[in-house]
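Participant: predicted coordinates and the sequence they were generated for:
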Amino acid sequence: MTSPDALRPRLPSPLREVADERFTRHGVRLLLKRDDLIHPDLIGNKWRKLVPNIEAAAGRTIVTFGGAYSNHLRATAAAGRLLGLTTVGVVRGQELADRPRNPSLARCEADGMRLHFIDRSTYRRKGEPGTQDTLLRALDEPDAYVVPEGGSNSEAVRGCQALGRELRGHGDFVGGVDGADGVDVVALACGTGGTLAGTAAGLAPGQRALGIPVLKGGFLDAEIRGLQERAFGGRRGTWSLDDRFHFGGYARVPAELEAFAADFEDRHGLPVERLYVAKLLHALVTLTGEGAFPRGTTVAAVVTGRPFP
Ligand SMILES: *Cc1c(COP(=O)(O)O)cnc(C)c1O
């Protein structure tokens, strides 16, 4: 491995207040927690989740999983390039194998990741030990370090605890960020829920985490309980999910959401990642309009990524 200096982060990530009348008129203060600025290639929560896994891999090949537009696959590939590690991305969809690469998969390959395409039913069974062993043998990587889809395992969840701690404010924790004092609610978009599971565990008593799932299905509550159980031995922190803001499911960006995101970019100069961050910000505007947050509430929205390309 070359020097892990290549992964040196900007931590704690910046926290800044934005003036937006859709919040201020309800007496709500909105802060943006800029995890998108942690590292140019391992963006946002992907840095927090991957770095502990890279340490655990100790130089072995990293095999991981994702869909054709996975931010996690791109981050893993970038880490491989920066550290000189071998990475293999197992991609959902056998039919993609012979098609021209989309920009996301093209980036993975340009960063040296080997792509291996599997059919959707095998992909669904990828967590089963038998399936995994067969796969690693097929890849000729029997000793590889396997990171699950989306990167959410116990190492990742514990890594995300630091995000919660940074939002405790100076009074509570030396690592807290300027201006974090008084954060009541930490809001973030959820895919696998690993980031929420860790963040909630890092918050101070009296603070709570609010997750906005970007996938349809309502299965995430149980997933997050399981992740916290495995990482910490039980439920940690105060957290809840609001399932109303997935806009039809993963990677669905209807015109209304696109317009909302473009408008937010104009107002605040923030590049708004569409698959997760736009859904989060839209949820917060809606919830604030509904009076979900009492006057005087400070909400920190975690900017977990930035647009690609
Ligand atoms: C991966 C990702 C998430 C989801 O994180 P989970 O830990 O899987 O819930 C959120 N936002 C962005 C921008 C991401 O890339």
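Facilitator: Everything's here; your move.
Participant: and stretch 281-289, which residues are buried?
Facilitator: By neighbour count on 16 or more other CB atoms under 10 Å, the buried set for stretch 281-289 is 281-284, 287-288. Using the backbone N, CA and C atoms, a C-beta is placed for each residue, glycine as well.
Participant: next one: Asp172, what pLDDT does it get?
Facilitator: With respect to pLDDT, Asp172 has a value of 44.
Participant: oh, that last question was meant for Met1, not what I typed.
Facilitator: Confidence at Met1, expressed as pLDDT, is 43.
Participant: and the one 10 residues further on, by the same measure?
Facilitator: According to the model's per-residue confidence, Leu11 sits at a pLDDT of 94.
Participant: kindly report the same for the one 3 residues further on.
Facilitator: Looking at Pro14, its pLDDT stands at 95.
Participant: got a list of what the closest residue to the ligand within the stretch 1-150 of the chain touches?
Facilitator: Closest to the ligand within the stretch 1-150 of the chain is Asn71: 3.4 Å, counting by CB to the nearest ligand atom. Applying CB atoms under 8 Å, 6 or more residues apart in numbering, one finds that Asn71 lies in contact with 43, 46, 275, 305, 308.
Participant: what's the local residue count around the first one?
Facilitator: By other CB atoms under 10 Å, the residues close to Ile43 number 22.
Participant: now it: how far from Asn71?
Facilitator: The spacing between Ile43 and Asn71, counted by CB to CB, to the nearest Å, is 7 Å.
Participant: overlap in contacts of the two?
Facilitator: Common neighbours of Ile43 and Asn71 (CB under 8 Å, 6+ apart) are Gly305.
Participant: nearest to Ser152, of the buried residues of stretch 281-289?
Facilitator: When these are compared for distance to Ser152 (CB to CB), Ala283 wins out at 20.8 Å.
Participant: could you find the closest non-adjacent residue to that closest one?
Facilitator: Residue nearest to Ala283 in three dimensions, not counting chain neighbours: Phe245, with 3.9 Å by CB to CB, 6 or more residues apart in numbering.
Participant: what is the neighbour count of that neighbour?
Facilitator: 19.
Participant: what sits against it?
Facilitator: Neighbouring residues of Phe245 by CB under 8 Å, 6+ apart: 212-214, 279-280, 282-283, 286.
Participant: so where's the stretch 151-300 of the chain shaky on pLDDT?
Facilitator: Across the stretch 151-300 of the chain, the ranges flagged by pLDDT under 70 are 170-180.
Participant: what residues does it have near the ligand?
Facilitator: 152, 189-195, 273, 276-277 (CB under 6 Å from any ligand atom).
Participant: before we move on, the earlier item: from the contacts of Phe245, which land in helices?
Facilitator: Taking DSSP state H, the ones among these that sit in helices are 279-280, 282-283, 286.
Participant: for those, which one is nearest the ligand?
Facilitator: When these are compared for distance to the ligand (CB to the nearest ligand atom), Leu280 comes out closest, at 8.0 Å.
Participant: any idea what sits nearest that closest one, other than its immediate chain neighbours?
Facilitator: Distance criterion CB to CB, 6+ apart; nearest residue to Leu280, sequence neighbours excluded, is Ala189 at 4.1 Å.
Participant: and the next helix or strand past the helix or strand hosting the one you found?
Facilitator: Assigned by DSSP states H and E, Ala189 belongs to strand 185-190. The element immediately downstream of strand 185-190 (helix or strand, assigned by DSSP H and E) is helix 194-202.
Participant: who are the packing partners of that next one?
Facilitator: Judged by 3 or more CB pairs under 8 Å, 6 or more residues apart in numbering; DSSP states H and E, the packing partners of helix 194-202 are helix 45-57, helix 154-166, strand 185-190, strand 208-213, helix 220-232, strand 239-241.
Participant: pull the distance from that helix to the chain's centre.
Facilitator: Averaged C-alpha coordinates place helix 194-202 at 11 Å from its chain's average position (CA atoms, centre = their mean, to the nearest Å).
Participant: same question for stretch 245-258.
Facilitator: On the basis of CA atoms, centre = their mean, stretch 245-258 is displaced by 17 Å from the centre of the chain it belongs to.
Participant: buried ones in that stretch?
Facilitator: Of all the residues in stretch 245-258, those buried under the rule 16+ other CB under 10 Å are 245-247, 250, 257.
Participant: for these, which one is nearest the ligand?
Facilitator: Distance to the ligand across the buried residues of stretch 245-258 (CB to the nearest ligand atom) is lowest for Tyr250, with 10.4 Å.
Participant: how many other residues sit next to the nearest residue to the closest one once chain neighbours are set aside?
Facilitator: For Tyr250, the nearest residue in space outside its immediate sequence neighbours is Leu215; the separation is 4.8 Å by CB to CB, 6+ apart. When neighbours are defined as other CB under 10 Å, Leu215 has 17 of them.
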